[in-house]
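> Please work out how this folds:
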Amino acid sequence: MGAANDHGVFGVDETADLLWFYDMHGYAILRGLVDEARLAQIEAECTEAQARVAGGELAGRHGSTVFLDEDVSVSARVVNYVEYVSEVSPAVAEAVTDPVLASVMRAILGPECWLRAHEQFGVVYQDARPGRDSGYARIGWHSDWQAGPSLDVWPSTAFTIHVDGTSPANGFLRVVPGSHLWATPAPFRNANGVTVPDSARATGGRTDRTPPFDMPLRFEKMRGEVAVYAEAGDVLLHDAYLWHSAARATDDDTRRRHVRGGYFGGVRPPAGVEEFIKNAAR
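Numbers count the residues shown, from 1 in each chain. Next up, the predicted model:
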C-alpha cells in the first residue's frame, strides 16, 4: 500500500507509512489487525452484551439505552451503546490492546500513553443504526478535544474497529485532513448545550496555527473535507484535534456497528473528574 496511498489505508507491516500519513492528515486506517475470525468473535460478544443490556441483565454501568421516541414499543427500542464493553468482551479487550495497535499509539502519543478502558465510559460498542427506533442519527462537526477543553488528558488518538463496512447507505466519517494541526477554539457551548467551563483552554491543536476558516456549527459542507470509508475489520485512527463529523445513513434498514475508544498521552484523571466530557460526548 505504501506511504503514497491516497486513501490512508495501511497494513500491519506498514506502520511507518501509517504514522507518516497520520502525522500529515490526522487520520489513517490500519487493515489486517482484525481478521475475520477475530471480527466474528467481537461481533458475537458485542451483540450478546447489547442484548443483555436491553434485557436488564448487565449492570447499569454498561448501558446507555437511547430512545428517539418514547412511544416506540419496548420490543422495538434500540440500545445504541454498550459502555465499558472491553470488560465484558474478551475479544474486544484483546483487540484494543493488540501489540501492533499499542505500538502505533506509543509512536503517536509517547511511551507513557494509556488506554481509557475503565474511565469515563471506557471502550464503547456502538450500534449506529438509523430509523425511528434508534436514538442515533448523525454527529455534527467537532473535534474530540472540544468535549473536554479543561482536561489534561490530551493529546489523544481515537480508534474505531468497524464491525460493518461504511458507505453512503449506512453512514460514514467526514474529515478535514490536516485540521489537527490547527489551534481550534474551544466552543462557548458544546453540541449538546453544555456550558464550557471557565477553566477551558482557549484553543487545542497540534500547533498554534489559526484555522483558515471557522468550524461549521452543524452538518454543513466543509471546505477541504473528504469521506473516509472503511471495510469490516478496519481500525480507523483519528486525532483528538481533527475536525470530523458523521454522515447520516441514507438507508434506514442498514446498520453501522463499531467498537470505539481512545489512547491518551496526557494525565490520567482521578475517578469522577471526567463527568463533563462523558455528558458532552452524548
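> quick one: residue 219 from residue 245, how far?
Plainly put, residue 219 is 6 Å away from residue 245 if you go by CB to CB, to the nearest Å. All C-beta atoms are positioned from the backbone trio N, CA, C, and that covers glycine.
> Give the residue from those two that has the larger number of neighbours.
When neighbours are counted by other CB atoms under 10 Å, residue 219 and residue 245 differ, and residue 245 comes out ahead with 20 against 15.
> tell me, which helix in this structure spans the most residues?
For the chain, the helix reaching the highest residue count under DSSP state H is reported as helix 36-54.
> shouldn't residue 185 be in contact with residue 205?
No: the pair residue 185 and residue 205 fails to qualify as a contact (CB atoms under 8 Å) at a distance of 9.7 Å.
> So between these two, which is more surrounded?
Ranked by neighbour count (other CB under 10 Å), residue 185 and residue 205 place residue 205 first, with 24 against 18.
> and the more buried one, backbone torsions?
Per-residue torsions, residue 205: phi 180, psi 170 (degrees, to the nearest 10).
> residue contacts, it?
Neighbouring residues of residue 205 by CB atoms under 8 Å, 6 or more residues apart in numbering: 145, 180-184, 241.
> For the residues you listed, which single residue is the most surrounded?
Comparing these on neighbour count, residue 180 comes out first with 29 neighbours (neighbours: other CB under 10 Å).
> Pull the contacting residues for that one.
Contacts for residue 180 were tallied using CB under 8 Å, 6+ apart; they are 26, 143, 205-206, 239-243.
> Check what pLDDT it gets.
As predicted, residue 180 sits at a pLDDT of 98.
> In three-state terms, how would it be classified?
Here residue 180 is helix, with the state taken from DSSP: H, G, I helix; E, B strand; the rest coil.
> Now do it against residue 93, distance only.
The separation that residue 180 has from residue 93, given CB to CB, amounts to 28 Å.
> ok, back up a step: counting by contacts, list what the longest helix of the chain packs against.
Counting by 3 or more CB pairs under 8 Å, 6 or more residues apart in numbering; DSSP states H and E, the packing neighbours recorded for helix 36-54 are strand 81-82, helix 90-96, strand 124-127, strand 257-264.
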